[in-house]
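>>> need a structure here:
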Amino acid sequence: MIARTFHRAAPISPLAYGMSESALATTHRSHLCGALRAEHAGTHVRLGGWVHRARDLGGLVFVDLRDRAGLVQVSFDPSSAGAMLAAQAASLGAETVILVEGVVAERPAAMRNADMATGSVEVRATALRIVGPAETPAIPVARGKSEQLAAEELRLRHRHLDLRRDELQHNLVLRHRLMQRTRRYLSDAGFLEIETPILTKPTPEGARDYLVPSRVHPGEFYALPQSPQIYKQLLMVSGFDRYFQIARCFRDEDLRADRQPEFTQIDIEASFGAQDDITRLAEGLVRALWAEGNSTVSATIPRMTYADAMERYGIDRPDLRYGMELEDVSEAFRGVEFPFTSAALDADGRVRGIRVAGGATLSRKQLDEIDAIVKSAGARGLLRVKRVNGVLQGAAAKVLDDARASLLRLADGDLGLYLAGADRVTGPALDRVRQDVAQRMGLVPEHVNAFAWITDFPMFERDPQSGALGAVHHPFTAPHPDDVELLDTAPWMARAQAYDLVLNGTELGGGSIRISDPAVQARIFGLLGVDAETARARFGFLLEGLRAGAPPHGGIAFGFDRITMLLAGATSLRDVIAFPKTTTARALFEGAPSPVPAADLKDLHITVEHA
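Numbers count the residues shown, from 1 in each chain. Below is the predicted model of the structure:
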């Protein structure tokens, strides 16, 4: 996995959003552990929390007490608190829940802990009560700087303990902050938060639906929504003008580190606007979220067409933090008998690659590793050419004369890495090469947010085997006004009014202007091979709504889990979701999915056949 760097959001104050200490006080506690500071010195406090660590220094006992706000040191001195109280404190096991009373005191200067927010004070205990005895934890919560985390599968199995770790507490607090900031921003912009159904009609949107059997309607099924796409369009038809939802979505597809079967998206739709209105609103939201996450967004976000992105970077979500744009060097090899390139050029493919300044220093082993990445991406293999002491080296050096070699534009010490074939194969593979080389060469700057809008996506893409057209985004995306006539003559060349916001090689969100004319929607369904009867069966309620008079409308959806992951500096979505699934879609803590009793299946009119 390619590492990406972002600012980590600042720790949240326990008194965030104007909440007072008195608002946080309860019967059992007057203050949060992590909120105590020097100004509390002399205050009598009641605390509740988990024993993070306990240290017995020959009768004088120190307990690090933890709650959601952080840690504070509690001292039990036999000379003042009493021997029995100190002995009770010495017997405390890790993760035991206790209630403590005592007085806040400033620590001597030599005893202060700069690594703790509360490190200038301690609580000198006068009372202790155990309220939640704890077994020895299956995985450690308290962990030294040099100690390794438990294996992820073990941590997911004992998620209730894993969630006590500072990193995950921080991530979920950040998630809360981002969620609240989203609501404030969109509400201030006149948007209404409206919930759409979870049990809905199966409407295929590119992935498998999760199906829910109906007990009262035998043989019929609901689907969990892949997105609220159709409902939010119907809300525009219904006159609600500006809608948003922090929506739960479900897709039954293969997983990876940044994908979960159930996920959250910021869903936005607005009427009587154009693409610029949506992107301007989206930029404002992103700026608000990045500010909440202690990071920044440039004053202007550049725009790049899909065609330009694919030509220059091989992918529609390019990482713009460094150079090494793709170069077409086909002319250097055209007409040359060279097996690596001849077949590709004869089949109307191209030879493209990157020029790596100073890359001649990469070792044979490193280049073999890059070649393995290329092959795992579906390409044949990598052509390597470098110039050392003015001499071209590599297999191609034997077939390229000086004039052809000059087309590679390799300066002394440079390395050229090339692939030959169809763009749909070489583009994604070269993107992988570009990212890997940038990491190896130290070209990725830290704490840089390189945002970009990718626009003018194609409406359709052809299936390589069947030649059938498929929607690049979804079948409700409006065609570009200049390309409507192409729908009748060359639909595969038509552009869509679609746009994605990308950051450092990651897609943050995407959207489009929607089709509001039912006649145009019917044409698009036809081009996608969806006949009128199938369209009515799958999307009849949307078509009915469009026929009732639909305003021009469009929207965008952001991957909320992904945004949180990036701003938290995490490497996996599982680190910003309270109870995530594994890459095999299993919930190890709850034990889901699981078999269902035969009687329950009978009520649902379902029979399971075992292999």
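>>> low-confidence stretches in the stretch 501-611 of the chain?
611 (pLDDT under 70).
>>> please enumerate the helices of it.
Remark: helices assigned in the stretch 501-611 of the chain by DSSP state H, counting those that start in this stretch are 518-527, 532-547, 560-568, 598-603.
>>> so what's the residue count around residue 216?
The tally of other residues near residue 216 (other Cβ atoms under 10 Å) stands at 5. C-betas here are computed from N, CA, C, even on glycine.
>>> same check, this time on residue 353
By other Cβ under 10 Å, the residues close to residue 353 number 26.
>>> thinking it is in contact with residue 384, fair?
No. Using Cβ atoms under 8 Å, residue 353 is not in contact with residue 384, being 9.5 Å away.
>>> which residues do the two both contact?
Counting by Cβ atoms under 8 Å, 6 or more residues apart in numbering, the residues touching both residue 353 and residue 384 are 416, 417.
>>> from one end of stretch 291-300 to the other, what's the distance?
End-to-end distance for stretch 291-300, by Cα to Cα, to the nearest Å: 15 Å.
>>> list the buried ones in the helix ranked longest in the chain?
The residue-count maximum for a helix in the chain (DSSP state H) belongs to helix 166-188. For helix 166-188, the buried set under the neighbour-count rule, 16 or more other Cβ atoms under 10 Å, comprises 168-175, 177-179, 181-182, 185-186.
>>> restricting to C-alpha, output that helix in PDB.
C-alpha atoms of helix 166-188 as PDB (Å, rounded to 0.1, in the frame of the first residue of the first chain):
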ATOM      1  CA  ASP A 166      -6.100   6.600  22.600                       C
ATOM      2  CA  GLU A 167      -5.700   6.400  18.800                       C
ATOM      3  CA  LEU A 168      -9.200   5.000  18.200                       C
ATOM      4  CA  GLN A 169     -10.800   7.200  20.800                       C
ATOM      5  CA  HIS A 170      -9.200  10.200  19.000                       C
ATOM      6  CA  ASN A 171     -10.400   8.900  15.600                       C
ATOM      7  CA  LEU A 172     -14.000   8.500  16.700                       C
ATOM      8  CA  VAL A 173     -14.100  11.900  18.500                       C
ATOM      9  CA  LEU A 174     -12.800  13.400  15.200                       C
ATOM     10  CA  ARG A 175     -15.500  11.500  13.300                       C
ATOM     11  CA  HIS A 176     -18.100  13.100  15.600                       C
ATOM     12  CA  ARG A 177     -16.600  16.600  15.100                       C
ATOM     13  CA  LEU A 178     -16.600  16.100  11.300                       C
ATOM     14  CA  MET A 179     -20.200  14.900  11.300                       C
ATOM     15  CA  GLN A 180     -21.300  17.900  13.400                       C
ATOM     16  CA  ARG A 181     -19.400  20.300  11.200                       C
ATOM     17  CA  THR A 182     -21.000  18.900   8.100                       C
ATOM     18  CA  ARG A 183     -24.500  19.400   9.600                       C
ATOM     19  CA  ARG A 184     -23.700  23.000  10.600                       C
ATOM     20  CA  TYR A 185     -22.200  23.900   7.200                       C
ATOM     21  CA  LEU A 186     -25.100  22.500   5.100                       C
ATOM     22  CA  SER A 187     -27.800  23.700   7.500                       C
ATOM     23  CA  ASP A 188     -26.300  27.200   7.300                       C
END
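>>> and the next helix or strand after that helix, what other elements does it pack with?
Using DSSP states H and E, the helix or strand that directly follows helix 166-188 along the chain is strand 192-193. Counting contacts by 3 or more Cβ pairs under 8 Å, 6 or more residues apart in numbering; DSSP states H and E, strand 192-193 is packed against helix 166-188, strand 242-250.
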